[in-house]
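*Asks:* Structure, please.
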Amino acid sequence: MASPFLKRYLLALNRYRWAGLFTFLSILGASSVVAFQPVPPVEYYSETVLVDNSPLVAFSNTSSQVQTQGRGIITEELLLSDILLEEVSLQLQEQDIELSPQAIKSNTRIEVINTSDNNENSQRVTLRFVGDTPELTEAVINVMIGAMIELSQITNKARLQAIKDELNERLPPIEADLREAEQALEAYDRIEGPAIQASIDGSLLSSISGSQQQLRANQIELAGIESQMRSLQAQLGMTPEQAYASSALSADPLLAQLRAEISAIETQSTLLQSQGIREQHPDMVQLRENLAAYDLLLRQRAAEVIGGNGIGAPIPSGTQVRQDSSLDPARAALANQLVALDTERDAILSQQQVISDSARVLRQQYASLPNKQLERDRLAQQVGLRRALYERVQASRVDAEAAEAETVSSLTVAKPPFTVTRNPEQPNPLTVLLAGALVGTVVGGGVIYLLDMLDGTVRTAEELEGLLQAQEVPLLGMIPAMKTRSARAVPVLVQPDSVYHASYERFLSRLRLVGTEESPIGPRVIALTSTRAQEGKSVSAYNIAIASARAGRRTLLVEADLRSGSKAEMLGLMADPQATLEPLRYYSGQVGENAQMVAQVENLYVCPSPGPQRQPAAIIESSEMQRFLKDARTRFDMVILDTPALTRCDDALLLEDLTDGIVLVTRPGITEKAVLDTAIEELELSDDVRLLGAVINAARISPDREISAADEEIDVEAVELPREPEFSSAPTGRIDF
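*Replies:* Here you go, the predicted model:
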């Protein structure tokens with residue numbers, strides 16, 4: 001038995017034989033052209049080897065860098081650049097050799113090898129020029145060697161000049177940045193330098209400590225002064241302000257004279273009153289007027305002595321002035337002492353405020369010193385970095401100027417040019433043809449295999465069986481490919497002695513093993529569908545119905561494809577013409593006969609399709625269709641629905657609720673793997689749809705392993721009737737299912 005791979009490849013060979021043959025002939029023709037090529041003329045080539053070149057003495061780092069970079073850019077594109085080829089062509093013209101740059105490039109072979117050993121030379125360039133004469137090759141190779149070495153030297157000098165230009169361009173902004181950083185550091189030192197220096201030498205801490213000591217000493221002295229003031233205030237019964245006023249008034253001579261005059265007037269007035277003189281007496285009136293005048297003068301003088309002229313403080317009464325200005329010397333001394341202590345206290349308090357403000361400023365300066373020091377360090381670091389960069393650029397400039405005298409070419413001749421004569425070898429034509437035939441066979445077979453891999457159609461029954469097993473779909477039957485006498489004949493097995501009945505009987509046997517709650521002995525109402533047209537769904541439905549009827553079961557075949565015409569004419573049945581106009585009344589039994597008996601097969605009934613219909617989905621979901629199928633379930637032992645393909649519409653899924661499940665029909669050479677996988681996944685993911693299994697049609701197997709070879713040649717006498725498009729596109733030979 002041939003392997004599935006071999007079967008598939010043989011089928012692919014039959015399909016794509018012309019593509020494989022074309023590939024084979026193309027390669028064979030190309031090999032024939034190569035085999036019968038004329039013998040090429042004798043060739044000459046000159047060859048030399050160029051290696052890295054370095055100066056003997058190098059004092060400059062830039063020179064070494066330029067040489068290293070020059071070796072890194074040595075490539076075939078550089079050595080065969082247009083400018084070099086044009087220069088070589090001009091030099092050859094001076095030697096009376098006419099060669100265009102393109103001709104030089106086409107005849108030149110360059111191989112650049114980078115070695116990784118520890119040798120001094122790390123790059124090796126092999127240069128070869130092919131020509132018609134040895135003189136030509138030697139002349140061209142010598143000119144090319146000189147041009148390549150000169151080009152490398154020019155390239156290195158140009159690179160060095162670019163380095164110098166870049167350094168000269170970068171130096172001014174770097175120098176400006178350095179000057180800016182130095183000026184910023186200098187300005188910062190002018191402003192914050194004294195404070196930072198004070199923190200460094202300790203004078204700031206000494207000032208803060210001295211301020212604190214002075215504050216403590218002043219507080220002690222202030223406490224003593226306030227104690228003395230409280231004692232003097234208790235003795236005098238006056239505040240420092242009152243003591244100051246009394247002392248000033250008591251010390252004024254005018255006030256003393258005015259007090260004496262007032263005292264004399266009061267004494268004289270008292271004497272007159274004691275003599276019985278009334279208040280209205282002119283002398284008494286005169287004394288009162290004098291007393292009022294002296295009293296006014298007393299108050300005015302008191303205001304002058306006290307200060308403010310009566311504006312800053314109210315003018316006291318005459319009695320109060322006389323009382324305040326009548327201090328004895330002892331009390332006056334105490335009052336002066338109290339005033340002096342108050343003045344001293346005010347001075348100490350002012351001093352305390354000044355010292356506190358100064359100490360606060362010093363502490364703030366001390367607290368900000370770390371930030372100032374960090375800022376200065378940052379500025380100094382910027383100056384250092386920019387100075388280092390400036391010095392580095394300056395050193396690089398000096399180094400680049402020194403490297404100008406050391407710059408040489410990166411290439412030198414390691415092996416002088418030599419010329420070799422090459423006699424071309426003519427291959428054996430027979431060997432070339434055999435090799436071409438072999439390669440053509442392999443490539444042609446590969447093309448056929450590749451085209452087969454790109455084809456998504458499943459070609460063998462074994463592949464279909466493997467796909468179904470991978471999807472865990474039960475295989476209910478494998479129907480062999482049937483032969484008929486006519487290519488237009490449809491293989492409906494109306495003869496009871498057909499050898500193909502066994503395949504459908506095995507299908508029914510396996511179907512009975514799939515039990516349901518309604519029918520433990522197996523499904524009674526099944527829907528047959530397929531993924532696409534031409535898979536033999538309708539013929540399988542007819543033959544399964546015939547096999548079921550011959551098994552003694554009342555069987556009804558319902559043509560549920562309302563999008564196509566009826567195929568019942570294969571069994572000699574005709575649908576009622578009125579059913580096409582009134583399909584709902586047809587299924588309700590009011591128009592025509594919706595279950596016609598087949599005369600050739602006992603127990604077989606067919607419900608012809610009233611199609612094609614414009615709204616098949618509405619008819620399928622109608623109550624008439626539901627009642628018809630429910631009534632068919634009760635009247636018949638087996639009901640088979642022939643539904644449209646899944647890729648065409650969803651009619652099979654709409655009818656599934658009225659059946660016990662769906663049977664999927666497949667066919668090698670027609671079924672596509674991606675479409676089949678998608679259809680099975682959608683059916684299995686749906687909770688409302690039950691997939692009973694699948695059938696493989698047109699399998700390349702014997703209808704019965706035990707039948708003789710003569711039996712295998714028996715033709716099926718099928719009814720030759722006009723068919724629908726599904727049957728009319730069948731190929732000659734194998735019948736379209």
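*Asks:* so residue 255 is in which element?
*Replies:* helix 253-274 (DSSP states H and E).
*Asks:* Distance from that helix to the middle of the chain?
*Replies:* Distance of helix 253-274 from the chain centroid (C-alpha atoms, centre = their mean, to the nearest Å) equals 113 Å.
*Asks:* and residue 632, how many neighbours?
*Replies:* A count of nearby residues for residue 632, using other C-beta atoms under 10 Å, gives 21. Where C-beta positions appear, they are placed from N, C-alpha and C, glycine not excepted.
*Asks:* Now do the same contact list for it.
*Replies:* With contacts defined as C-beta atoms under 8 Å, 6 or more residues apart in numbering, the neighbours of residue 632 are 525, 556, 558, 595, 607, 639.
*Asks:* and if you look at residue 573?
*Replies:* 566, 596, 598, 606, 608.
*Asks:* Recalculate using a threshold of 6 Å.
*Replies:* By C-beta atoms under 6 Å, 6 or more residues apart in numbering, the contact set of residue 573 is 596, 606, 608.
*Asks:* what distance separates stretch 534-554 from the centre of its chain?
*Replies:* Stretch 534-554 sits 59 Å away from the centroid of its parent chain (C-alpha atoms, centre = their mean).
*Asks:* Could you list the buried residues of that stretch?
*Replies:* By 16 or more other C-beta atoms under 10 Å, the buried positions in stretch 534-554 come out as 534-551, 553.
*Asks:* Equivalent analysis for stretch 171-183, please.
*Replies:* Neighbour-count burial for stretch 171-183 flags 174, 177-178, 181-182 (criterion: 16+ other C-beta under 10 Å).
*Asks:* Which helix or strand contains the nearest residue to residue 26 once chain neighbours are set aside?
*Replies:* Excluding the flanking residues, the one nearest residue 26 by C-beta to C-beta, 6 or more residues apart in numbering is residue 440, at 7.4 Å. Element membership for residue 440 (DSSP H and E) is helix 429-454.
*Asks:* And for residue 214?
*Replies:* helix 203-236.
*Asks:* got the buried residues for the helix or strand just after that helix?
*Replies:* Along the chain past helix 203-236, the next helix or strand (assigned with DSSP H and E) turns out to be helix 240-250. For helix 240-250, burial by neighbour count (16+ other C-beta under 10 Å) applies to 240, 242-250.
*Asks:* One more: stretch 599-608?
*Replies:* By 16+ other C-beta under 10 Å, the buried positions in stretch 599-608 come out as 601, 603-608.
*Asks:* Just the closest of the contacts of residue 632 to residue 24, please.
*Replies:* residue 558 (52.9 Å; C-beta to C-beta).
*Asks:* Nearest residue to the closest one in space, please, no chain neighbours.
*Replies:* The nearest residue in space to residue 558 (C-beta to C-beta, 6+ apart) is residue 607, at 4.4 Å.
*Asks:* now residue 102
*Replies:* residue 85 (7.9 Å).
*Asks:* now residue 150
*Replies:* Spatially, and ignoring its direct neighbours in sequence, residue 150 is nearest to residue 409 (7.1 Å; C-beta to C-beta, 6+ apart).
*Asks:* In which helix or strand does the one you found reside?
*Replies:* Following DSSP H and E, there is no helix or strand that holds residue 409.
*Asks:* pretty sure it contacts residue 148?
*Replies:* No. Assessed by C-beta atoms under 6 Å, residue 409 is found out of contact with residue 148, at 8.5 Å.
*Asks:* which residues in the chain form strands?
*Replies:* Along the chain, the segments classed as strands by DSSP state E run 43-52, 108-114, 123-131, 411-422, 475-480, 525-530, 555-559, 596-597, 604-607, 638-642, 662-666, 691-699.
*Asks:* any residues touching the shortest one, and which ones?
*Replies:* Translated: strand 596-597. Contact partners of strand 596-597, identified using C-beta under 6 Å, 6+ apart, comprise 573, 605-606.
*Asks:* Looking at these, spot the one nearest residue 254.
*Replies:* Residue 254 lies nearest to residue 606 out of the contacts of strand 596-597, by C-beta to C-beta, at 156.2 Å.
*Asks:* Distance-wise, check the nearest residue to residue 595 once chain neighbours are set aside relative to residue 245.
*Replies:* Closest residue in space to residue 595, ignoring its immediate chain neighbours: residue 605 at 4.7 Å, by C-beta to C-beta, 6+ apart. Going from residue 605 to residue 245 by C-beta to C-beta, to the nearest Å gives 144 Å.
*Asks:* Per the annotation, how does the chain divide into domains?
*Replies:* 4-34+432-454, 43-173+403-422, 209-356, 461-715 (automatic domain parsing).
*Asks:* Pipe the ones you listed into TSV and attach mean pLDDT and distance to residue 192 per row.
*Replies:* Below are those laid out as TSV (pLDDT from 0 to 100; distance: least, C-beta to C-beta, whole Å):
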stretch	mean pLDDT	distance to residue 192
domain 4-34+432-454	77	82
domain 43-173+403-422	80	28
domain 209-356	76	21
domain 461-715	85	80
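*Asks:* Near the residue nearest to residue 26, how many other residues are there?
*Replies:* Neighbour count for residue 440, taken as other C-beta under 10 Å: 21.
*Asks:* wait, what's in contact with the closest residue in space to residue 30 that isn't next to it in sequence?
*Replies:* Once flanking residues are discounted, residue 30 sits nearest to residue 436: 6.7 Å by C-beta to C-beta, 6+ apart. Contacts for residue 436 (C-beta under 6 Å, 6+ apart) come out as 27-28, 31.
*Asks:* I'd like to know which of these are part of helices.
*Replies:* Of the positions in those, 27-28, 31 sit in helices, assigned by DSSP state H.
*Asks:* could those residues go into TSV alongside distance to residue 91 and neighbour count?
*Replies:* As requested, these are arranged in TSV below (distance: C-beta to C-beta, whole Å; neighbours: other C-beta atoms under 10 Å):
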residue	distance to residue 91	neighbour count
27	46	20
28	48	17
31	43	21
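*Asks:* Which of those sits closest to residue 475?
*Replies:* Of the ones in helices among the contacts of residue 436, the one sitting nearest to residue 475 (C-beta to C-beta) turns out to be residue 27, at 43.0 Å.
*Asks:* doesn't residue 439 make contact with that closest one?
*Replies:* Yes. In this structure, residue 27 is within contact of residue 439 by C-beta under 6 Å, at 5.4 Å.
*Asks:* thinking again about what came up before, list the contacts for the residue nearest to residue 26?
*Replies:* Counted by C-beta under 6 Å, 6+ apart, residue 440 has contacts 24, 27-28.
*Asks:* rewinding a little: could you report the neighbour count for the residue nearest to residue 150?
*Replies:* As a burial measure, residue 409 scores 19 neighbours (other C-beta under 10 Å).
*Asks:* How about the backbone phi and psi for it?
*Replies:* Note on residue 409: its backbone torsions stand at phi -70, psi 150 [degrees, to the nearest 10].
*Asks:* circling back: roughly how far does the residue nearest to residue 26 sit from residue 428?
*Replies:* 18 Å.
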